[in-house]
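Asks: Could you look at this predicted model? Sequence included:
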Amino acid sequence: MISFTWNNTDKELIARLQKKGPSVIQALIIKLNALMLRLQSKIVNEKLREGNPLHTITGNLARSIVAIPAVFEADRVIARVEGASGTAWYGRVHEFGGTGAYDIYPVNKKALAFFSNKWTMVPGGGMMLRTEPVTHGKGIIQAMRSTGPKRRAAGIAAFGASGGIVTKHVLHPPMPKRPFMAPALEEMRGVIISELNDAIMNTLKE
C-alpha cells in the first residue's frame, strides 16, 4: 500500500491543492491507471514467467493478475492490482504461505509413487515429506508404465534404486511463502511515488 498526505504542509500548497482539487484527482487517476498496468506487467513477466519466484505452468495465475481502474472514494484515490482468483486460488498460498500440513491421496490409483531422499513414516502406512519431491526420473516413470515386460521390470528396478517411494498417502508440510505481488510493489514503490508527485506538481503549475 502507498499513501500520500499533505498534513503540516505549507499553507500555499494546501490552498493550491484545494483550488486544483478536481484536476489533481483526475491527474492522479490517469497516472495511477498507467502505473498499475506497469505493476501488473512486472508481476506477470518478472515474478511469474521468468521464474522469480514462480514458474509458469498453466498460465492460470498469470492470467488472473489484473489492474483495477483507479477510483476516487471519499478523500482517497484508490488503485490496485489483484490476482489469484477463481482457478488460480493457489496464488494466495504462494503469496502468504500455507497454514498447515495437508494429506495427499491417490485419485485414480492405489498408491502414490515419487522420488524423495528425506522422509519418515507416519501412522497408517503413509509418509511425511521433509523436503519437496525430487523432480527427475521421467524416463524411469515412462519405463514403469511400459507394456513391455522387460522395459517395465527395468523401470521398476531403476525406480527403487533411485530412491523411489510407493505409499498410500503423503502428509505434505505447509507450503512455503513465496510472494510475487508484494515484492513487485516494493520494487516499484519509488517510481510510483515519484511519478505521482510529478503528476501533482505538473497539475498545480497549469
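Replies: Structure received.
Asks: rest of the way, CA atoms for contacts and neighbours
Replies: Noted.
Asks: mind checking pLDDT for Ser3?
Replies: Ser3 is assigned a predicted lDDT (pLDDT) of 60.
Asks: try Ala70
Replies: On the pLDDT scale, Ala70 gets 93.
Asks: for it, what are its contacts?
Replies: Ile29, Ile30, Leu32, Asn33, Val77, Ile78, Ala79, Arg80 (CA atoms under 8 Å, 6 or more residues apart in numbering).
Asks: Can you get me a residue count around the third one?
Replies: So the one you mean is Leu32. Counted with other CA atoms under 10 Å, the neighbours of Leu32 add up to 25.
Asks: which residues in this structure form strands?
Replies: 66-73, 76-82, 102-104, 112-115, 119-122, 126-129, 164-167, 170-172 (DSSP state E).
Asks: now the third one, how far from the chain's geometric center?
Replies: The chain centroid and the centroid of strand 102-104 are separated by 21 Å under CA atoms, centre = their mean, to the nearest Å.
Asks: ditto for the second one
Replies: Its chain's C-alpha centre and that of strand 76-82 lie 19 Å apart, by CA atoms, centre = their mean.
Asks: residue ranges with poor pLDDT in this protein?
Replies: Residues of the chain meeting the criterion pLDDT under 70: 1-18, 115-137.
Asks: max-length helix in it?
Replies: The longest helix of the chain (DSSP state H) is helix 182-205.
Asks: Of all the strands of the chain, which one is nearest Met181?
Replies: strand 76-82 (8.6 Å; CA to CA).
Asks: okay, the angle between that closest one and helix 182-205?
Replies: 150 degrees (axes from the mean of the first three to the mean of the last three CA atoms, to 10 degrees).
Asks: related to what we said a few turns ago, give me the residues contacting the longest helix of the chain.
Replies: 2, 16-17, 20, 23-24, 27-28, 31-32, 35, 39, 42-43, 47, 95.
Asks: Could I have the buried ones of the residues you listed as PyMOL selection syntax?
Replies: Those of these that count as buried under 16 or more other CA atoms under 10 Å are selected in PyMOL with:
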select buried, resi 17+20+23+24+27+28+31+32+35+39+42+43+47+95
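Asks: Go through the contacts of helix 182-205 and flag which are in helices.
Replies: Those of these lying in helices (DSSP H): Arg16, Leu17, Ser23, Val24, Ala27, Leu28, Lys31, Leu32, Leu35, Leu39, Lys42, Glu95.
Asks: out of those, which one sits closest to Val107?
Replies: The closest of those to Val107 turns out to be Glu95 (CA to CA; 27.2 Å).
Asks: sorry, back to before: right, and the pair among the contacts of Ala70 with maximum separation?
Replies: Ile30 and Arg80 (13.2 Å).
Asks: Between these two, point out the one with more neighbours.
Replies: More crowded of Ile30 and Arg80, by other CA under 10 Å: Arg80, with 18 against 15.
Asks: how near is the more buried one to Arg38?
Replies: 11 Å (CA to CA, to the nearest Å).
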